[in-house]
Structures are given as C-alpha cells and as structure tokens.
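> sequence first, predicted coordinates after that:
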Amino acid sequence: MSAAAKLDFNISRSATALKSGQTFRVALLMNQEITSWFNVEVFAGVNSVLHKEGYDISLFQHIDDARTRTQFFRDMPVLRNVDAVFVASFAIEPEEVEQLRRTRVPIIGINTPNIEAFDATISIDDEKGMYRATQHMINLGHKRIVYTCSAAEESLESSIDARGRGFIRACEAAQQTRDIDWKVLSVPRGHDFADAALAAVLSEETFPDAICCQMDMMAIPLVLKLQRHGYRTPRDYSIIGFDDSSYADTIDLTTMRQDPFAMGAAAARKCLQLLAGEELQEPHSKIEPKLILRGTDARLDPDAPLER
C-alpha cells in the first residue's frame, strides 16, 4: 500500500473487468429526460446502492417515441459491456425483449406496465392508486369530476397511463349508485401541458367541482393558475394530484404518494442478488400508493354558491 501510494497507483477498471468478466457498469433506460422528478429520484435510488459496490450507471434518455425506440433497439448501445439493464416506466415489446436478451444480463423493470419481459420488477399500482384518489373525491360528495392527463404516446405504453383506467373504473362503479357526471380531459404531451389542461378545464360548460390530476406536475400549476381566474381550492373545487413530488406539500396539495427513490434502491438490490446468482424470494413487487390528505380537498356543500 505504501508503494502504491508513492507511485500514485490507481486500480484499472478495465483490467478488473478482464479478470472478473464484469464491467461494473449498468444501463438505465428512461422514457423521458432525467430532469423529471420521478427519473431523478429513481436514478438517485439506484445509485445509492450500486455506487457503494463500485458500479457506474450509463444513462439512456428519451426512449419515448417510435423513431428513438427503433434507433435504440437497432443500434443496441447497451451491448457495449454492461452487467445489467434497468428499464424505468415503460413497456418493452416482444421483439425489443429479444434484442435486450442478447446482452445475456439481468433485465430489471422499475414501475413498468408489465412484468413478463423482466427478470425482476418493482412498481406502484398506478391504476389502483388513481381509483382510490377518484373514490375519495366521490365520497366527499363531488358530482362533476374531471380527470386531466397528457395524451398517451401511441408507440409507447407507459405506467402512468394506467391511472386513467383507474379513474374511469372508479367513476363507472360509482354511477351504479350515484348521480355523477365525469369526463377525461386529455391534452397534448409537451412542456405546455399544464396550460393546455387549464384551458380544457375552463372550457367546460359547467366548472367541475373536483379535479383528479394524472400527476402533481399538472395539479400544482392548475391550483395556481385557476386562482388567477377566481377559482380557489377547496372553496370552489377539490383537487388531488399523484406522486407527492417536490412542492406538493408547499402548496398543501392532497395527493397520492409514491417513493421512486425507494423503488430505485430496491431494484438495485434485486440486481445485485441476480448478479450474485441468488434466487429472489419476490422477483416482482407491487406497492400501493398512499393517500396524503392536505388542504385542497373538502366535502362538497351542495347549497353553497360559487363565489369568484
């Protein structure tokens, strides 16, 4: 050790890889950019476990449209020596699975819509989470309920799309015993989705008394922008988000909580077990989001006039 310090010797990763057969590198595939709240937390969670074990993470972003997906799975940059592949929040097609299998390494899904293509997965129950969020609004007595969401990408099945199914299922179930009017307001994807959602809500012939949002990133701007138009929550309407992301507690937003950092860390631990040749006791895990009650929901008073 004294001689190594005197010579300023550093361990060579490439030499270690030649002897062990491991590259100490994993690939993380994301459907959007890493700057989104969910992706940042997933990356941090994976890194919190793997960094201590000497692993680096190669990041592949924006695999969220047909052209990018075709190019990625055709060129397969992950074939350039990785020990495992993580896929975050989107489904992979059967032919894409076969291409990934060429890497001959574990494939781990993080909040993916299905489990069939993966050696291990950990996900939240998006559909059940939004079902519960919608049910909460219905139980508060709300009768005019809308669901604001970004339009699904035709070439990509994302886990977040299941939330819309949860909303529809809850409303259809409630219609059996209650008089409610509900609607899905789908707006184009992109940086202006919050403004588009605002326009869609304000364009309704009758202003809704409850809004279920696909994610907090849509709910938070809606709360602030609707206030400028004279609508205040919970006085005039209730609103619920999904994620419990940054600033949700700052504006006192009622929401459904998920923990992508914990999911990323759990996925990384599953990965290490698979790399060690260990059998997983629970290869595929599903977590139910938690309802976080704050200040943007209230029981509907049917006799209260709408003040603006």
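Received the coordinates, thanks.

> what lies in contact with the helix or strand encompassing residue 267?
Counting by DSSP states H and E, the element that carries residue 267 is helix 260-275. Helix 260-275 has contacts (CB atoms under 8 Å, 6 or more residues apart in numbering) with 22, 26, 37-39, 41-50, 53, 83-84, 86, 106, 108-111, 119-124, 280, 283, 285, 287. Using the backbone N, CA and C atoms, a C-beta is placed for each residue, glycine as well.

> span of stretch 248-255 from start to end?
8 Å (CA to CA, to the nearest Å).

> what about residue 203, neighbour count?
8 (other CB atoms under 10 Å).

> so which of the contacts of helix 260-275 are in helices?
Those of the contacts of helix 260-275 mapping onto helices are 37-39, 41-50, per DSSP state H.

> for these, give me CSV that also has pLDDT, distance to residue 269 and neighbour count.
Listed next are the ones in helices among the contacts of helix 260-275 as CSV, based on pLDDT from 0 to 100; distance: CB to CB, whole Å; neighbours: other CB atoms under 10 Å:
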residue, pLDDT, distance to residue 269, neighbour count
37, 92, 22, 17
38, 93, 19, 25
39, 93, 19, 22
41, 96, 16, 21
42, 97, 14, 27
43, 97, 16, 20
44, 97, 15, 13
45, 98, 10, 21
46, 98, 10, 27
47, 98, 13, 19
48, 98, 10, 14
49, 98, 6, 18
50, 97, 9, 26
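
> nearest to residue 1, of the residues you listed?
residue 50 (26.0 Å; CB to CB).

> isn't the closest one up against residue 28?
No - between residue 50 and residue 28 there is no contact under CB atoms under 8 Å: 9.9 Å.

> from residue 234, how far out is residue 298?
4 Å (CB to CB, to the nearest Å).

> of these two, which one has the most company?
More crowded of residue 298 and residue 234, by other CB under 10 Å: residue 234, with 18 against 15.

> all helices for the protein, in order.
Using DSSP H, helices in the chain cover 2-6, 13-20, 37-50, 66-75, 94-101, 126-139, 162-174, 193-202, 216-228, 260-275.
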